[in-house]
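J.: fold the following for me, if possible:
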Amino acid sequence: MKRPTAPHAEVLVSDPRWRAALGNVEQLVQRACQMAQRHGNIFPENRPGPSFVFADDRHIRQLNAQFRGKNKPTNVLTFEPPAPMLGGDIILAYETMYREALQARKTLRAHTVHLTVHGLLHLAGYDHHHPGEARQMEGLETFILRRMGFGDPWKPRIYPSC
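T.: All right, here's what the predicted structure looks like:
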């Protein structure tokens, strides 16, 4: 049986702190896409991959205000593709994610991979508005992240530093 392949994701790093903290952001995103596809089969065939923007709180606050009516930063925003043959967009905010990683005692790398997979699952139609949906989505996130060598994203862990 042929393994499903993940489409290539486009990555834009608009805040240089991401590269300083994570190194090769593109490689991290591509690995997350591959593992999400391998273990969740989330991308339909012949569909382009998603676009990722590694931004800052100011940028994501503007998008959050414009599209969700919330004039505050958030960790990640996922935008469904406007047409079936487009891949969708995932935008991550450096300051919020760094702060959350510190509070949860996780590395920024682990938190970033978690929210990358989280955004990919949203694009695949998963959601967490109801308890049953949340359990299913969180279970798949945990499964994928464990296969990538990360712990359960829903349980705080102690790492030396972010």
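J.: and F67, how many residues sit next to it?
T.: 10 (other CB atoms under 10 Å). C-beta: built from backbone N, CA, C; applies to glycine.
J.: per-residue pLDDT of it, please?
T.: In this prediction, F67 carries a pLDDT score of 94.
J.: nearest residue to the middle of the protein?
T.: T116 (1.4 Å; CA atoms, centre = their mean).
J.: now the strands for this structure?
T.: For the chain, the strands defined by DSSP state E occupy 10-13, 51-55, 76-79, 89-93.
J.: what about the closest residue to G40 other than its chain neighbours, neighbour count?
T.: Here the nearest residue to G40 in space, its sequence neighbours aside, is L140; by CB to CB, 6 or more residues apart in numbering that works out to 5.6 Å. Using other CB under 10 Å, L140 is surrounded by 19 other residues.
J.: over to the one 3 residues further on?
T.: Counted with other CB under 10 Å, residues neighbouring F143 total 14.
J.: just to revisit the earlier point, report the contact partners of the residue nearest to the centre of the chain.
T.: Applying CB atoms under 8 Å, 6 or more residues apart in numbering, we find T116 in contact with 28-29, 32, 52, 90, 92.
J.: same question for M137.
T.: M137 neighbours (CB under 8 Å, 6+ apart): 118, 121, 126-128.
J.: try T142
T.: T142 touches 152-154, counting by CB under 8 Å, 6+ apart.
J.: tell me the pLDDT at it?
T.: So, for T142, pLDDT stands at 91.
J.: can you pull the pLDDT of G151?
T.: 84.
J.: is it true that it touches L145?
T.: Yes. With contact defined as CB atoms under 8 Å, G151 reaches L145; the gap is 7.4 Å.
J.: these two: which is more packed in?
T.: Between G151 and L145, L145 has the larger neighbour count (other CB under 10 Å), namely 24 against 15.
J.: the more buried one and A32, how far apart?
T.: Computed as CB to CB, to the nearest Å, the L145 to A32 distance reads 9 Å.
J.: same question for P48.
T.: For P48, the distance to A32 - CB to CB - is 16 Å.
J.: tell me how far stretch 61-76 lies from the chain's centre.
T.: Remark: stretch 61-76 is offset 16 Å from the chain centroid, using CA atoms, centre = their mean, to the nearest Å.
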